[in-house]
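Asker: structural data only, the sequence is not supplied:
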């Protein structure tokens, strides 16, 4: 089995898995554009208004990872395009598993 190197934009922590996200709101569809060491680049359909894009990011990540929306939260950058999302530890997911699931969506 080939071992994948998890980029530093996806990290294990005591709270769960931290994902550094760069969001592009008002896009045509919800998708992952690219994953690199700096961030996971996401296109999000929702506008960056009244927390709609943040909710859209949580919903998209939850759906992609096969978990509940309440298990994903925005920890930093609520009003910025650059954010840190936390995949709660109660999901049991590791950074490597999150990376593999996100890679499948590119």
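Answerer: That came through, no problem. A quick note: this is a predicted structure, and the numbers were derived from the prediction, not measured.

Asker: now the helix or strand where residue 102 lies: mean pLDDT?
Answerer: Secondary structure from DSSP states H and E places residue 102 in helix 95-103. Averaging pLDDT along helix 95-103 yields 98.

Asker: quick check: buried residues in it?
Answerer: Neighbour-count burial for helix 95-103 flags 95, 97-99, 102 (criterion: 16 or more other Cβ atoms under 10 Å). (Glycine included, C-beta is placed from N, CA and C.)

Asker: ok, so of those residues, who is nearest residue 19?
Answerer: Checking those against residue 19 by Cβ to Cβ gives residue 98 as the nearest, at 6.9 Å.

Asker: for the residue lying closest to the closest one once chain neighbours are set aside, grab the count of nearby residues.
Answerer: Counting by Cβ to Cβ, 6 or more residues apart in numbering, residue 98 lies nearest to residue 17, which is 4.9 Å off, once chain neighbours are set aside. Look at residue 17: counted by other Cβ atoms under 10 Å, it has 24 neighbours.

Asker: residue 17 against residue 84, yeah?
Answerer: No. Using Cβ atoms under 8 Å as the test, residue 17 is too far from residue 84 to be in contact (10.7 Å).

Asker: after the lengthiest helix in the chain, which helix or strand is next?
Answerer: As assigned by DSSP state H, the longest helix anywhere in the chain is helix 52-65. The element immediately downstream of helix 52-65 (helix or strand, assigned by DSSP H and E) is strand 72-76.
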